[in-house]
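Participant: Show me the folded form of this:
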Amino acid sequence: MKDKFYEYIQDLQDRITSKLEEIDGKSKFQEDIWKRPEGGGGRTRVIENGKVFEKGGVNISGVHGKLPKSMQAYFKVGDVDFFACGLSLVIHPTSPMVPTVHANWRYFEMYDKDGAIVNQWFGGGQDLTPYYLFEDDAKHFHQTCQTACDKHNQEFYSTYKKRCDEYFYNAHRNEGRGIGGLFFDYCKASETMTMENWYNFVSEVGDSFLEAYTPIVEKRKDLPYTEEQRKWQEIRRGRYVEFNLVHDKGTLFGLKTNGRIESILMSLPPHVQWVYDHQPEAGSEEEKLIEVLKNPVDWI
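Facilitator: Residues are numbered from 1 along each chain as shown. The predicted structure follows:
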């Protein structure tokens, strides 16, 4: 399964970066092949200073070795080996009218001293972080997610949409990071879902990403915006940074397994502001967004 999924994410990375380059029309992804001393490595692709995308990364990795002590305690296991692979992306557009997007699809295995698999699971999802709320965009993104889920289980969308709202939540701000999407983890074999079934579901969601995001970019990328709207975008990006550095489990895992720092922190936007006690104007489009972040909406 690990070889099959790693081949899949390599192909998916190619498809996603090619399409985003086509939309940007100016900048190209720069590729960086790296190795991890303890085992494995990855292929990082970053785009910067484009016409549409100010910064973005679409990265794949496959790492293996002894599970570090810090992660043994986290997973409540003893001295085991592990393999983990996945694709992780974050795209920060220049225009505040175009939302930031994040997605991740991953696979994990643990082995005993004889090399037998003792645990394996899939995880992942995709979520949208707008700076100005266009309800049509939110509905399109969520409808695409639901369509992908419904092909495998009619309950997946509602379950994983709720988990996304709960996970991508800045508890110290009492607001969501964005307007959600899907979040699933520890998807293991059961009586109703084999690992092959989970592979089919996760790859279905991965294949839906471009359909979920790129029509929104095409529709909004040429809209005019003001300096004040750009400032608002940078303030909201600060909340994005806070979540990734304070709450995100993927960041924590990367840092505690001697992951590649440049790849882990590529999710951070290039221009961010923290303004003391900033409050949006009453009745404004900015306040409209905040209300939705504080009170998640069922978009479908």
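Participant: Spell out which helix or strand contains the closest residue to Arg173 other than its chain neighbours, please.
Facilitator: Of all residues not flanking Arg173 in the chain, Arg239 sits nearest, at 6.3 Å (C-beta to C-beta, 6 or more residues apart in numbering). Placement of C-beta: from N, CA and C, glycine included. Assigned by DSSP states H and E, Arg239 belongs to helix 227-246.
Participant: Now do the contacts for the spatially closest residue to Thr257 that is not a sequence neighbour.
Facilitator: Leaving aside its sequence neighbours, Thr257 sits nearest to Pro68 (C-beta to C-beta, 6+ apart; 5.6 Å). Counting by C-beta atoms under 8 Å, 6 or more residues apart in numbering, Pro68 makes contact with Lys256, Thr257, Asn258.
Participant: what's the model's confidence in stretch 197-211, averaged?
Facilitator: Stretch 197-211 shows a mean pLDDT of 98.
Participant: picking up where we left off before, so how far is Asp112 from the residue nearest to Thr257?
Facilitator: Plainly put, Pro68 is 17 Å away from Asp112 if you go by C-beta to C-beta, to the nearest Å.
Participant: Name the SS class of Glu196, please.
Facilitator: helix (DSSP: H, G, I helix; E, B strand; the rest coil).
Participant: which strand residues sit across from the residue sitting nearest the centre point of the chain in the sheet?
Facilitator: Central residue of the chain (C-alpha atoms, centre = their mean): Ala103, 2.6 Å from the mean position. Ala103 has these beta-bridge partners by DSSP bridges: Leu89, Gln126.
Participant: quick one: it from Lys256, how far?
Facilitator: Distance, Ala103 to Lys256, using C-beta to C-beta: 22 Å.
Participant: In contact with the residue lying farthest from the centre of the chain, which residues are there?
Facilitator: What lies farthest from the middle of the chain is Asp114; by C-alpha atoms, centre = their mean that is 34.2 Å. Applying C-beta under 8 Å, 6+ apart to Asp114 gives no contacts.
Participant: Please apply the same query to the one 4 residues further on.
Facilitator: Val118 makes contact with Val80, Met110, Tyr111, Asp112, according to C-beta under 8 Å, 6+ apart.
Participant: Strands - which of the residues you listed land there?
Facilitator: Residues of these located in strands (DSSP state E): Met110, Tyr111.
Participant: mind listing the strands for this protein?
Facilitator: Applying DSSP E to the chain gives strands spanning 30-35, 40-48, 53-66, 81-93, 100-111, 117-129, 169-170, 175-176, 180-187.
Participant: TSV for these, including mean pLDDT and distance to Asn197?
Facilitator: Formatted as TSV, the strands of the chain follow (pLDDT from 0 to 100; distance: least, C-beta to C-beta, whole Å):
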stretch	mean pLDDT	distance to Asn197
strand 30-35	95	33
strand 40-48	96	26
strand 53-66	95	22
strand 81-93	96	19
strand 100-111	96	14
strand 117-129	96	10
strand 169-170	96	29
strand 175-176	97	30
strand 180-187	97	9
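Participant: Perfect, I'm done here.
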